[in-house]
Structure formats: structure tokens, C-alpha cells
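1. Please work out how this folds:
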Amino acid sequence: MQSSIHARKHLRDAELGGVILTEFVQPPLMKVPTHRHECATVLFTINGFAADYIAGRTQECRQSSLLIRPPEESHTHYYGRAGVHGLVVEIKPERYAEISSCSAILDRVGNFQELLLAELGLRLRELWSWIPETDLSLVNCDN
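-> Numbers count the residues shown, from 1 in each chain. Just a heads-up that it's a prediction; the model follows:
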């Protein structure tokens, strides 16, 4: 399964253990029309600003925020004046089923502005850079 993230610029993608990691950049003031993803997604905003209209509310994603989207949740995106640099974790259906059997964390929209969660996202990005390409199905994209 490929990443379902429609980014203007993919920096890198990897699939590991039932999750797809995508680091991406979106340009300033871009709008993405209503769509949905098969996978549950967790977005760590590294820099910039994005607003998602999801579940009847606008969810603001600022630097160091974390947004959880359940699978198949219809949403739109708007990117701020500086665009956005983010890291998305897509949880594939098989892994989602395993997680959902013991936690409902991915079953509803969640938007967190907590430093500890943001630090987790940055550590995940840092760890990813240490894993040799031979250990992942890793693709570097230069689009």
C-alpha cells in the first residue's frame, strides 16, 4: 500500500509494521477539497499552519500539534501563509483493527497541542532518519 497523502512535495515515505510514514511539505495558501483516507491518520505538524475541517469543526494544526483522523473521515485542508511541513503516520486497516481491539484512541478526531506529544512526533522523525534504508521499504521522493 502506498501513502494516500496528496502532498505537493513528499520528502520521504516508509512502510513498517502496518504503518506508513510520510514526511511532506505543502505550499502556502493551498486548499485541498473534501476527501477521505482508508487509513486512520496521525499528523504531527513540524512547522507552519494547517486547518482541517473535519467532523463539523475546524481543527487548527500549528507547529508541534498532533491531529488524529479516524479512517474514512471526510475532511478538507487549508494551509496557511507559510504552508506546512508535517509528518503523517497512516495506520493500515490490519494494524488499526489490532489497536482498536484495546484502545479507542483512533476512533474519533483528536487535536492536541501538548508539548509531550509534539516531542514524540519529533523523536519519531529523528529515529526514522537513523534506520538504514535496507531495513525499511523506503522511498525518497524528489518531486
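
2. Contact partners for the residue nearest the centre of the chain?
-> By Cα atoms, centre = their mean, the chain has its centre lying nearest to Val88, at 2.1 Å. For Val88, the contact set (Cβ atoms under 8 Å, 6 or more residues apart in numbering) comprises 3, 5, 21-22, 24, 41-44. Where C-beta positions appear, they are placed from N, C-alpha and C, glycine not excepted.

3. Looks to me like it is in a strand.
-> Yes. When DSSP: H, G, I helix; E, B strand; the rest coil is applied, Val88 is found to be in a strand.

4. quick one: it and Leu21, what's the gap?
-> 7 Å (Cβ to Cβ, to the nearest Å).

5. And the helices in the protein, which stretches?
-> 93-100, 115-130 (DSSP state H).

6. average pLDDT for the longest one?
-> Meaning helix 115-130. Taken as a whole, helix 115-130 carries a mean pLDDT of 68.

7. just the shortest one next, same as before
-> For helix 93-100, the per-residue pLDDT values average out at 93.

8. got a list of contacts for that helix?
-> Applying Cβ under 8 Å, 6+ apart, the contact partners of helix 93-100 are 17-19, 38-40, 71, 91, 105-107.

9. Can you tell me which of the residues you listed are buried?
-> Those of the contacts of helix 93-100 that meet the buried threshold are 18-19, 39-40, 71, 91, 106, by 16 or more other Cβ atoms under 10 Å.
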